[in-house]
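*Asks:* coords below, sequence missing:
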């Protein structure tokens, strides 16, 4: 019997550690790798230019890698539900493979496709490689509930077997056994769209700070491992606010880098250097946070909203589109906040401390605006914002879920100053403030007028006045949070005075 | 429960609730009122309202006075809040039929002035009310401050004059003023037990002193530091006054470099003598250089919260001068370790049972020492992970075992996602 496989790329944009793709190749006569994209839908989606560019670069990289193996990437325009019936018939498809998507929307979409494939007599093979573990297993081990504290999550994970070892990249030999015939007009039918085709204007667009694709991801990984050789021995508090040439989070999100490859590389290095047999869970920090949020979200279609979300505290957030816009566009009048939002919009990535600062400012710290609004802005601009991690982090940072203590509020002046005393970060992203001395660069409105004039930047004219009084705002908001939480505590019968705040 | 119960007469000549196949042996309309009341008290308001539509009997039950003792008016505008609002028709009904039943009332308003004004309108109509508690709560921005002052004051005065037995009053972030406090006192001095009025800028120290002088049953008071005076503390500790249970003070800086007055140690001593068990809760929202007047003498603070960065030096003074300290929260400090200051607090603040640290630095060894000294009395230990600096003795992974050991329970620092 002839086996014609189609491998459907969604995330998992890589040829290394791709079990589903391996299944497509296994014993197949032909294999075609597809990515489905609806350019018209692209315009409506809440996705900014940097994220699109990253995706398109990743697709190009895949295409190039497949070219080297005498194959190509087929980018098919349309929606999966209409594309697949067409392809099934045209290519006589007998097997469809894809990487398991644990997100609720993904599971629903894939359920429909699997059913449709059955009707066409197409075998579907799904493999889990976007997360380290089988998330359902974690949930099962926690009394059929996702762990809602990170420590609980770690405790469960520490009882699991190690994640499955990553598979080798697809080899030329494997591909040779099952060639997909590439038609002469492949580039006309199945090419990767350009940013212009998706409706973006690209004149004056600066080059990408984060280049998409598997090749870039693997380069970065080797540089990351070199650089972090010493991290296994000591814990050094590095906080570089600037984009790192070894940063990996966007590549994990799109699946250009396999999380298991990262996991095992970290493990190996640690074991080599520390000569101990098992690394602490803290070594895998980023990876486990990602896993934690994916687990929390996988069975909760309402994970990304407050209403109807069983794990989310119902907080009476304010609706204030004007204030939200100022925050999103970096016009709050607080240089620390504005610089961060500017970097985010320009480059698509900000350090996690910066995320804490702006998330706190928008929600429980200052503006008292719903975390859902912040989440949507991050979804548009942030390269590594997957649905689960983004929503989960926003709930965490706004103290809406996961039993967070809300006493700790980041000051939009002090926290910035402590993170970067030199003020250079501000000068880089808010150049109009560059001539302010360090003493005032985080709070330019407090600088004497003569100094402002000398710096060629008068607050209220050349740079906005602060949109809120932080002391007042944070004082009010702490009271609001207490009102909400005391009502919850009431049901659990906690004493009024003990833990007045904690 | 059906929304529109029809009432066909049966051969007994009585109304029956419509429920197909209902056995005449369990006739719901014959339930005694006390049982109905008991059941209705479990139902949320909306379900009760549906139940009231089923038959006359249940409709009467819905309007029993006991069900209208407590009510929370929720006033929200769709443009400014995600929350639902109490239905205007229901509000009308309450004012018409139940205002004299209301005893425990609160108003929750969103950040729109409209909502706050609606609250004031309702208040103005509560003429037949004898309220025991009244709470004006803004759930977002303090919209009561946007209402024209006279409108607010006259509405509030309606309640003060008519209630005459107000026991608990929460009016934080409102434009209440000295004259209206006089009215409150004139009518409710015998019954007032709780008064929360933080951030009420139109009140003066004299205004609040009047309350303390006349309301001898006052047990709980919350206000801003500018209203605090030696006279106030002495009034609260006078012989005629009951023991104070809870005094909450917010110290907020309007502009950097603001000066704050001092309170004499003798005034605090008088308070402690009079009310040995009272909780003194202080929230500080100051710039680092504004702490001069504070913590130079012994002060009976029990719950201390620093909302902004506070210096090492001030924390050192806290260790020396706050022997009654039960709970301490430090939002931020800076980049120098607080080792000595924490150890001193462990030594001198023998009642300390809860501590929260964010954006500070403490060496792991000092932290373990601190926990060892406090021991099991630390029921709340909320430390951001980044606070703890590993040293030659302890790494981050080891520290949680040590701390758990001394606490007698499993403990971990608070974490923030690092994605």
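*Replies:* Done, it's in. None of these values were measured; they are calculated from a predicted model.
*Asks:* Who are the contact partners of the residue of chain B found nearest chain A?
*Replies:* Of all residues in chain B, the one sitting closest to chain A is residue B:358 (3.3 Å; Cβ to the nearest Cβ). Heads up, the C-betas are built off the backbone N, CA and C, glycines and all. Listed by Cβ atoms under 8 Å, 6 or more residues apart in numbering or on different chains, the contact set of residue B:358 reads A:407-408, B:330-332, B:384, B:387.
*Asks:* Please name the nearest non-neighbouring residue to it.
*Replies:* The shortest distance from residue B:358 to any residue other than its chain neighbours is 3.3 Å, reached at residue A:408 (Cβ to Cβ, 6 or more residues apart in numbering or on different chains).
*Asks:* I'd say that neighbour and residue B:384 touch.
*Replies:* Yes: shown here, residue A:408 and residue B:384 form a contact pair, counting by Cβ atoms under 8 Å, at 6.2 Å.
*Asks:* So these two - more neighbours on which side?
*Replies:* More neighbours surround residue A:408 than the other of residue A:408 and residue B:384, with 25 against 17 (other Cβ atoms under 10 Å in any protein chain shown).
*Asks:* how much space between that one and residue A:154?
*Replies:* Residue A:408 is 21 Å from residue A:154, where distance means Cβ to Cβ, to the nearest Å.
*Asks:* tell me the SS of the residue nearest to residue B:358?
*Replies:* Classification of residue A:408 by DSSP: H, G, I helix; E, B strand; the rest coil places it in coil.
*Asks:* Against residue B:312, how distant is it?
*Replies:* From residue A:408 to residue B:312 the distance is 18 Å (Cβ to Cβ).
*Asks:* which ones are touching the closest residue to chain B within chain A?
*Replies:* With Cβ to the nearest Cβ, the shortest gap between chain A and chain B falls at residue A:408, namely 3.3 Å. Residues in contact with residue A:408, defined by Cβ under 8 Å, 6+ apart, are B:331, B:356, B:358-359, B:384, B:414.
*Asks:* For the stretch 301-450 of chain A, just list every one of the helices.
*Replies:* Per DSSP state H, counting those that start in this stretch, the stretch 301-450 of chain A carries helices over the ranges A:321-328, A:335-347, A:352-360, A:371-381, A:387-397, A:414-419, A:424-429, A:438-441, A:449-454.
*Asks:* Looking at these, spot the one closest to residue B:142.
*Replies:* Counting by Cβ to Cβ, residue B:142 lies closest to helix A:321-328 out of the helices of the stretch 301-450 of chain A; the figure is 15.4 Å.
*Asks:* tell me the mean pLDDT over the closest one?
*Replies:* What helix A:321-328 shows for mean pLDDT is 97.
*Asks:* same check, this time on stretch B:386-401
*Replies:* For stretch B:386-401, the mean pLDDT works out to 86.
*Asks:* Over to stretch A:285-302?
*Replies:* On average, stretch A:285-302 scores 95.
*Asks:* So that stretch, near chain B or not?
*Replies:* Yes: residues of stretch A:285-302 contacting chain B under Cβ under 8 Å from any Cβ of the partner chain: A:285-286, A:289-290, A:293.
*Asks:* Figure out how far that stretch is from the centre of its chain.
*Replies:* On the basis of Cα atoms, centre = their mean, to the nearest Å, stretch A:285-302 sits 11 Å off its chain's mean C-alpha point.
*Asks:* ok, and for that stretch, which residues are buried?
*Replies:* A:286-300 (16 or more other Cβ atoms under 10 Å in any protein chain shown).
*Asks:* same thing with stretch A:253-268?
*Replies:* Residues of stretch A:253-268 classed as buried: A:253-267 (neighbour count, 16+ other Cβ under 10 Å).
*Asks:* wait, does that stretch make contact with chain B?
*Replies:* No: on the criterion Cβ under 8 Å from any Cβ, stretch A:253-268 is out of touch with chain B, staying 9.3 Å away.
*Asks:* Residues of the stretch 51-200 of chain B that sit close to chain A?
*Replies:* So the stretch 51-200 of chain B meets chain A at B:79-83, B:108, B:110-111, B:137, B:139-142, B:172-173, B:198-199 (Cβ under 8 Å from any Cβ).
*Asks:* and the longest helix for chain A?
*Replies:* With DSSP state H setting the assignment, residue counts place helix A:470-492 as the longest helix in chain A.
*Asks:* contacting residues around that helix?
*Replies:* With contacts defined as Cβ under 8 Å, 6+ apart, helix A:470-492 is touched by A:313-316, A:334, A:364-368, A:399, A:406-407, A:409, A:411-413, A:501, B:137, B:139-142, B:172-173, B:198-199, B:250, B:252-253, B:283, B:285-286, B:307-308.
*Asks:* Buried subset of the residues you listed, written for ChimeraX?
*Replies:* Selection of the buried residues among the contacts of helix A:470-492 in ChimeraX, burial being defined by 16+ other Cβ under 10 Å:
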select /A:313,315,316,334,364,365,366,367,368,399,406,407,409,411,412,413,501 /B:137,139,140,141,142,172,173,198,199,250,252,253,283,285,286,307,308
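*Asks:* can you list the weak-confidence ranges in the chain?
*Replies:* Just going to use chain A. A:41-44, A:179-180, A:227-238, A:276-277, A:489-502 (pLDDT under 70).
*Asks:* hmm, I had chain B in mind actually
*Replies:* Across chain B (using pLDDT under 70), the flagged ranges come out as B:1-26, B:28-29.
*Asks:* circling back to that earlier point, which among the contacts of residue B:358 gets closest to residue A:161?
*Replies:* Checking those one by one against residue A:161 (Cβ to Cβ), the nearest turns out to be residue B:384, at 32.2 Å.
*Asks:* re earlier: phi and psi next, for the residue nearest to residue B:358.
*Replies:* phi -90, psi 110 (degrees, to the nearest 10).
*Asks:* ditto for residue B:282
*Replies:* According to degrees, to the nearest 10, residue B:282 has phi -130, psi 130.
*Asks:* ok, now which ones touch residue B:242?
*Replies:* B:216-219.
*Asks:* brain fart, residue B:135
*Replies:* Residue B:135 is in contact with B:105-107, B:168-170, counting by Cβ under 8 Å, 6+ apart.
*Asks:* follow-up on the earlier one: how about TSV for the contacts of residue B:242, with secondary structure and neighbour count added?
*Replies:* TSV is the format used below for these (DSSP: H, G, I helix; E, B strand; the rest coil; neighbours: other Cβ atoms under 10 Å in any protein chain shown):
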residue	secondary structure	neighbour count
B:216	coil	16
B:217	coil	15
B:218	coil	21
B:219	coil	20
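*Asks:* ok, of those, which one's closest to residue A:359?
*Replies:* Closest to residue A:359, out of all of these and judged by Cβ to Cβ, is residue B:219, at 39.2 Å.
*Asks:* Name the nearest residue to the closest one, ignoring sequence neighbours.
*Replies:* Here the residue nearest residue B:219, using Cβ to Cβ, 6+ apart, is residue B:245, at 4.5 Å.
*Asks:* do residue A:375 as well
*Replies:* Residue A:375 sits nearest to residue A:394 (Cβ to Cβ, 6+ apart), 4.3 Å away.
*Asks:* My guess is the one you found contacts residue A:358. True?
*Replies:* No: applying Cβ under 8 Å as the test, residue A:394 and residue A:358 come out as separate, 10.7 Å apart.
*Asks:* hey, what's in contact with both of the two?
*Replies:* What both residue A:394 and residue A:358 touch, as defined by Cβ under 8 Å, 6+ apart, is the set residue A:374.
*Asks:* Now do the helices in the stretch 151-300 of chain B.
*Replies:* B:178-188, B:205-214, B:230-236, B:265-274.
*Asks:* Count the neighbours of the residue nearest to residue A:375 for me.
*Replies:* Neighbour count of residue A:394, defined by other Cβ under 10 Å: 28.
*Asks:* No further queries at this time; thank you.
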